[in-house]
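> Give me the fold of what follows.
(one chain, ligands or ions: 1)
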Amino acid sequence: MTLNEIALHRRSIRKYNGGAVTREQLEALVCFAQEAPSWKNQQTSRYHVVTTPEVLAAARQCLEGSNPQKTEGVGALIVTAFKHDIVGHTHGVPDNEGGNGWGWYDLGLQNAYLLLKAAELDLDTLVIGIRSADRLRALLQIPDDETIGAVIAVGHRVEDAHRPPRKELAEIARFV
Ligand SMILES: Cc1cc2nc3c(=O)[nH]c(=O)nc-3n(C[C@H](O)[C@H](O)[C@H](O)COP(=O)(O)O)c2cc1C
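Residues are numbered from 1 along each chain as shown. Now for the predicted structure:
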């Protein structure tokens, strides 16, 4: 698949078939994510990869709204996080107005790489922002110096999903 085909094949999938996701595949996703650029190459993104069935079931219950149902049949949940007060900081003081926003930025970049790698490997994903960070932290013993970001569900789609419309180019970009 070309990069364009990979990007179009990737969709937010909300119905999974219970198919297996291997440790090797999950390691490939995280390794590829590491190829993303990061502020001063500080690589503060962290991945808590949940596959053990009973822990996976408990982690799904830390998702909110209808996300527990949407993740039935996934092979893994990847809780993504970043070590805060490092990126965009010098000696603990923010370098500019971005502050820890740059940590979110780097995590998002890495996560985008992870999603595209998953699509290339014919794995499906759902980025989940509606989740309880506090309950995930307690369940997985995530250190206090990490800010918890999105959870990424990984599995196999039951059926293809439609592509939600994108805004017109003129609405999101200006050329000066
Ligand atoms: C930061 C972020 C948080 C999201 N949180 C959720 C979520 O909690 N539940 C959900 O079903 N989809 C969630 N989504 C998926 C978006 O709704 C989806 O990406 C968007 O509708 C575009 O569809 P597509 O991913 O198929 O292109 C999230 C996406 C992002 C980037």
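
> What average pLDDT does the longest helix seen in the chain get?
Ranked by residue count, the top helix of the chain under DSSP state H comes out as helix 101-120. For helix 101-120, mean pLDDT rounds to 98.

> Just the CA coordinates for it, please, in CSV.
C-alpha atoms of helix 101-120 as CSV (Å, rounded to 0.1, in the frame of the first residue of the first chain):
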residue,chain,number,x,y,z
GLY,A,101,1.4,21.4,25.2
TRP,A,102,4.6,20.4,23.4
GLY,A,103,4.5,17.1,25.2
TRP,A,104,0.9,16.6,24.0
TYR,A,105,2.2,17.6,20.5
ASP,A,106,5.0,15.0,20.5
LEU,A,107,2.6,12.3,21.8
GLY,A,108,0.1,13.0,19.1
LEU,A,109,2.8,12.9,16.4
GLN,A,110,4.0,9.5,17.7
ASN,A,111,0.5,8.2,17.9
ALA,A,112,-0.2,9.2,14.3
TYR,A,113,2.8,7.2,13.3
LEU,A,114,1.5,4.3,15.4
LEU,A,115,-2.0,4.4,13.7
LEU,A,116,-0.5,4.4,10.2
LYS,A,117,1.8,1.5,11.0
ALA,A,118,-1.2,-0.4,12.3
ALA,A,119,-3.1,0.3,9.1
GLU,A,120,-0.1,-1.0,7.1
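
> going forward can the numbers begin at 55, since that is how I track them
In the new count, where the first residue is 55, that last one comes out as helix 155-174.

> How about it, which residues are buried there?
Buried residues in helix 155-174, counted by 16 or more other Cβ atoms under 10 Å: 156-165, 167-174. For every residue, glycine as well, the C-beta is placed using N, CA and C.

> Packing partners of the lengthiest strand in the chain?
The longest strand of the chain (DSSP state E) is strand 200-209. Counting contacts by 3 or more Cβ pairs under 8 Å, 6 or more residues apart in numbering; DSSP states H and E, strand 200-209 is packed against strand 130-137, helix 155-174, strand 178-182, helix 187-194.
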